[in-house]
Structure formats: structure tokens, C-alpha cells
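Novice: sharing a sequence plus its predicted fold:
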Amino acid sequence: MSENLNEIRKGLVGVVADVSAVSKVMPETNSLTYRGYAVQDLAEHCSFEEVAYLLWNGELPDAAQLADFRKEEASNRAITPALHQVIRAFPHDAHPMDAIRTAVSFLGLEDPDTADTSEPATRRKAMRLLARIPTAIAAAHRASKGQAPVDPDPSLSFAENFFHVVLGKVPAPEVVKAFDVSLILYAEHGFNASTFTARTVTSTGADLHGAVTAAIAALKGPLHGGANEAVMHMLTEIGSPEKAADWLRGRFDHKALVMGFGHRVYKNGDSRVPTMTRYAEKMAEVVGDRRWMEMSRILAAEMLEKKNIHPNLDFPAGPAYHLMGFDIPLFTPIFVASRITGWAAHVIEQSADNRLIRPLSQYTGAAQRELPHR
Ligand SMILES: CC(=O)SCCNC(=O)CCNC(=O)[C@H](O)C(C)(C)COP(=O)(O)OP(=O)(O)OC[C@H]1O[C@@H](n2cnc3c(N)ncnc32)[C@H](O)[C@@H]1OP(=O)(O)O
Ligand SMILES: O=C([O-])CC(=O)C(=O)O
């Protein structure tokens with residue numbers, strides 16, 4: 001095999017690493033489909049549970065299949081006293097992404113199917129993770145604030161229950177809908193860094209909890225999922241719409257990244273941004289606070305005009321989650337609660353037709369040499 005420097009694609013830019021039937025990212029039309037359905041249609045007309053079923057099964061559920069899926073998810077939400085105890089032992093200033101990464105690893109220790117990498121076992125484990133991740137995120141977040149955990153409520157939808165376990169109350173239906181839309185938009189996106197991490201771990205024959213633990217670690221990074229938190233920190237730092245343009249000029253002067261902008265695949269706009277922006281605007285109306293969306297509008301217009309760079313999904317999701325009442329460190333964990341669906345679909349797909357993922361590197365270190373005399 002040739003080892004030509006010209007063949008190196010740093011960051012694997014443009015490399016097609018495998019086939020996948022889970023989703024299709026189409027930068028030429030700024031569009032995205034899950035199992036063939038346009039993501040904006042799914043977001044508008046389906047629930048997150050239906051989309052989770054679709055990603056895992058290839059087809060949308062009928063009424064009975066959806067009822068079974070919902071029942072299965074809702075009845076698996078409780079976490080053990082042992083995990084609650086572990087969570088209470090986390091440092092109070094631990095980032096919730098580190099907390100959920102550790103909790104998922106612990107859930108692997110407890111799971112009766114941990115080491116079984118067969119497809120039926122992986123599906124059972126995926127359902128348990130989907131159901132328990134919100135409970136663990138909420139327990140860790142509440143413990144860090146000195147608050148007691150809230151028991152999950154099986155009578156609530158996935159989205160309603162997320163608010164219930166984190167905040168202890170379920171907001172108005174339009175807020176729940178906006179959150180559900182965000183979960184659908186975040187659920188799946190091809191071979192992004194965290195999903196590729198999950199597939200790489202799976203390719204070694206390792207189990208789902210290992211793959212998801214690694215994927216969470218990858219998602220935390222500010223160039224990936226961590227950007228939704230960084231966006232809200234940025235907006236908070238700017239403070240008011242009048243300061244947005246000047247603040248941005250300062251970033252340009254320092255050649256600094258502007259969080260929530262740019263994308264490895266989309267160069268002319270992220271398929272999910274128009275839908276998420278619309279729902280973030282609705283949240284601004286509900287809350288009666290237009291400041292964040294006004295700042296966002298100015299930043300997006302300036303970035304496009306001066307740099308020709310479009311926002312990605314994390315840009316409207318950040319202020320949307322803030323307006324829904326979530327603390328900033330919960331934003332990327334919410335991404336985890338959603339993306340577990342895409343990760344599991346890819347783990348199942350990778351296992352079904354596996355080959356070890358193992359690229360090459362071109363060596364640039366010292367030439368071969370003799371050991372010093374000893
Ligand atoms: C859900 C998600 O994970 S979406 C991604 C979330 N991440 C972010 O929002 C972080 C900010 N964005 C970025 O860091 C990048 O755009 C990435 C990591 C998402 C994509 O990176 P790449 O594909 O390697 O970037 P790309 O090659 O398109 O960059 C082209 C040019 O635009 C610049 N650029 C790209 N994004 C940004 C940005 N957010 N702010 C300022 N400049 C940027 C690059 O610095 C580069 O400039 P150069 O040609 O002068 O070196
Ligand atoms: O596709 C990517 O590289 C990042 C992204 O938007 C996602 O994971 O949703």
C-alpha cells in the first residue's frame with residue numbers, strides 16, 4: 001500500500017468510511033433524512049419516541065408498536081440505589097457530561113446483558129439506556145445543587161418526563177413540543193465524531209455501554225456537542241443585542257472561533273437550523289424575552305456577510321434550552337439523551353456487518369536508530 005502524504009486527509013475530511021442506512025446528510029440541498037424521512041417533517045409531525053423507533057427499526061411504528069415502545073421506555077426509567085449513591089459521591093462541581101459519562105459506564109456494570117453483544121441484547125440495552133440516561137442526568141444535576149432526585153413518572157412522555165426529573169415540573173405544551181423537536185433534530189447525523197467513535201469501539205467487538213461511554217466523551221468537546229453550551233456562554237458574555245456586532249469584530253480580530261457556526265459537512269447551512277430557530281423564537285415569545293434571539297439574529301447576519309459561515313444546530317439550540325429553563329451545563333447532556341438513539345442505531349448497523357476500524361498513519365518521527373550503548 002502506498003504511503004503518499006498527498007493521500008492523507010487530515011480530520012478524515014471527505015473520506016467515505018462505510019455505508020449506512022440510518023440517515024442521509026445532503027449538503028448540496030442543506031437537507032437531512034432519517035430512514036428516508038425529511039427531518040423537518042419528523043420534527044413537526046412526530047414524537048421523539050416515534051423517531052427513536054424509526055431509527056432503531058427502519059420504519060415508523062403503527063399505533064400498537066408505538067404504545068409498546070412507549071411502555072417499554074417508560075417502565076425502564078428508574079435507576080438503582082447503587083447508582084444514586086455513586087452519583088451523590090460525584091464532586092459537586094463535576095460537569096454533567098462527565099457525570100453522565102461515568103453513570104453510563106456504571107449502568108454497564110449493572111446491566112444483565114453487558115457482555116452480550118448479540119443484536120437482541122444490544123437492543124434491550126439501548127432501550128434501558130434511552131430510559132435511564134435522563135434519570136441519571138437529572139439526579140447528577142440536582143445532587144450538584146444539593147437537591148434530592150425526582151422519581152421518573154411513567155405516565156409522562158419522554159420529553160415531559162425530562163422536565164419532570166430535572167426541574168420537578170412539566171411546562172406548558174408548547175415548551176414541551178419545542179423540546180421534543182430539539183430531541184428529534186439532535187437524534188442522528190451520520191458519521192459525526194461521536195457516532196464514528198461509537199462505531200470504532202463497536203468494531204473491536206466491545207459492548208454498547210463501552211461504545212456509548214466513548215461517544216459521550218467525544219460529544220463533550222466544544223467542536224462537537226459542547227458547542228451548544230458554548231453558544232449560551234457566548235450570548236451571556238455579549239449581554240445585549242447592541243454589543244453583538246462589536247463583540248464579533250473582536251473575535252475576527254483575534255481569528256477566534258465563533259461557537260455554533262460552521263460545519264464539517266454543511267457549507268451552505270445546516271438542515272436543522274430553520275426548524276430549531278423557529279422553535280427558539282417561539283420560546284422567546286412564551287418567555288417574553290427577545291434579547292437572545294435578537295443577538296443571535298445579528299451574529300448570524302454578520303457571520304454570513306463577513307465570513308460566509310452559517311450557524312449549525314447548536315446555535316439556536318443553546319438559547320432555546322436557556323429559554324426553556326435549563327441550566328447551561330445541561331445542554332450537552334440533553335444532546336446525549338437524544339443522540340443515544342442514533343448511536344445505538346449505528347452500533348447495531350456496525351455489528352451487523354463489522355470490520356475492525358483501523359486506519360493508517362504516516363510516520364514522521366525519528367529515523368530508525370541504534371540504542372545508545374548500555
Ligand atoms: C452538532 C455539532 O456538532 S455541529 C458543530 C458544532 N461546533 C461548533 O459550533 C464549533 C465552531 N465550529 C468549528 O470549530 C468548525 O466549523 C467545525 C469544527 C464545526 C468544522 O470544522 P472544519 O470542517 O475543519 O472547518 P472548515 O474547514 O470548514 O473551516 C473553514 C474556514 O472557516 C473557519 N471557520 C470554521 N468555523 C468557524 C467558526 N465557528 N468561527 C470562525 N471561523 C470558522 C475556519 O477557521 C477555516 O478558516 P481558514 O480557512 O482561514 O483556516
Ligand atoms: O455531523 C457532525 O459533524 C456534527 C453534527 O452536526 C451532529 O453530530 O449533529
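Specialist: Yep, it's here. What you see is a predicted model; the values in this text were computed from it and never measured. Numbers count the residues shown, from 1 in each chain. Ligands and ions are numbered 1, 2, ... in the order given.
Novice: going forward, measure contacts between C-alpha atoms and count neighbours the same way
Specialist: OK.
Novice: can I see the domain layout of this structure?
Specialist: Split into domains by automatic domain parsing, the chain comes to 23-221+332-352, 227-324.
Novice: which among those is found nearest to ligand 2?
Specialist: Smallest distance to ligand 2 across the domains of the chain (Cα to the nearest ligand atom): 4.0 Å, for domain 23-221+332-352.
Novice: the closest one near ligand 1 at all?
Specialist: No. Taking Cα under 6 Å from any ligand atom as the criterion, domain 23-221+332-352 and ligand 1 are apart, separated by no less than 7.4 Å.
Novice: which SSE is Ala115 in?
Specialist: Assigned by DSSP states H and E, Ala115 belongs to neither a helix nor a strand.
Novice: got a list of what the residue nearest to it when sequence neighbours are not counted touches?
Specialist: For Ala115, the nearest residue in space outside its immediate sequence neighbours is Asp207; the separation is 6.1 Å by Cα to Cα, 6 or more residues apart in numbering. Taking Cα atoms under 8 Å, 6 or more residues apart in numbering as the criterion, Asp207 is in contact with 114-117, 122.
Novice: which parts of whichever strand or helix holds Gln40 are buried?
Specialist: With secondary structure defined by DSSP H and E, Gln40 is part of helix 39-45. Using 16 or more other Cα atoms under 10 Å as the burial criterion, the residues of helix 39-45 that qualify are 39-40, 42-43.
Novice: same question, stretch 154-164
Specialist: Of the residues in stretch 154-164, those scored as buried under the neighbour-count criterion (16+ other Cα under 10 Å) are 154, 157-164.
Novice: where does pLDDT dip in this structure?
Specialist: Screening the chain residue by residue with the criterion pLDDT under 70, one finds the ranges 1-6.
Novice: max pairwise distance over the buried residues of stretch 154-164: which two?
Specialist: Pro154 and Phe163 (13.0 Å; Cα to Cα).
Novice: can you pull out the helices in the stretch 151-300 of the chain?
Specialist: Using DSSP state H, counting those that start in this stretch, the helices of the stretch 151-300 of the chain run over 158-167, 173-186, 193-203, 208-220, 227-238, 244-253, 273-287, 291-307.
Novice: ok and the third one relative to helix 208-220, angle-wise?
Specialist: Between the direction of helix 193-203 and that of helix 208-220, the angle (axes from the mean of the first three to the mean of the last three Cα atoms, to 10 degrees) works out to 150 degrees.
Novice: which residues are in contact with helix 193-203?
Specialist: 208, 210-212, 214-219, 224, 342-343, 346-347, 350-351, 354-357.
Novice: now a PyMOL select for only the buried ones of those.
Specialist: Restricted to buried positions by 16+ other Cα under 10 Å, the PyMOL selection for the contacts of helix 193-203 reads:
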select buried, resi 208+210+211+212+214+215+216+217+218+219+224+342+343+346+347+350+351
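Novice: restrict the contacts of helix 193-203 to those near ligand 2?
Specialist: Among the contacts of helix 193-203, the ones lying close to ligand 2 by the criterion of Cα under 6 Å from any ligand atom are His224.
Novice: and the gap between His254 and Leu248?
Specialist: When distance is defined by Cα to Cα, to the nearest Å, His254 is 10 Å away from Leu248.
Novice: more neighbours: which of those two?
Specialist: The neighbour comparison of His254 against Leu248 (other Cα atoms under 10 Å) goes to Leu248, with 18 against 9.
Novice: just give the nearest non-adjacent residue to the more buried one, would you?
Specialist: If the residues on either side of it in the chain are set aside, Leu248 comes closest to Leu299, at 7.2 Å by Cα to Cα, 6+ apart.
Novice: quick one, what contacts the one you found?
Specialist: Going by Cα under 8 Å, 6+ apart, Leu299 touches 244-245, 248.
Novice: any idea how far ligand 2 is from Arg358?
Specialist: Distance, Arg358 to ligand 2, using Cα to the nearest ligand atom, to the nearest Å: 20 Å.
Novice: that residue: how many residues sit nearby?
Specialist: The criterion is other Cα under 10 Å. On that basis, Arg358 has 9 neighbouring residues.
Novice: what does Lys177 give?
Specialist: A total of 19 residues lie near Lys177 under the criterion other Cα under 10 Å.
Novice: ok, now Pro173?
Specialist: By other Cα under 10 Å, 10 other residues sit near Pro173.
Novice: and if you look at the one 5 residues further on?
Specialist: By the criterion of other Cα under 10 Å, Ala178 has 26 neighbours.
Novice: can you tell me the closest non-neighbouring residue to the most centrally placed residue in the chain?
Specialist: The residue lying closest to the centre of the chain (Cα atoms, centre = their mean) is Phe335, at 3.1 Å. The spatially closest residue to Phe335, leaving aside those adjacent along the chain, is Tyr186, at 6.2 Å (Cα to Cα, 6+ apart).
Novice: got it, and Arg264?
Specialist: Take Arg264 and drop its neighbours on the chain: the residue closest to it by Cα to Cα, 6+ apart is Val13, 7.7 Å away.
Novice: ditto for Ser144
Specialist: With Cα to Cα, 6+ apart as the measure, His92 is the residue that lies nearest to Ser144, at 4.4 Å, once sequence neighbours are left out.
Novice: equivalent analysis for Ala38, please.
Specialist: Closest residue to Ala38 in three dimensions, ignoring its sequence neighbours and counting by Cα to Cα, 6+ apart: Leu32, at 5.9 Å.
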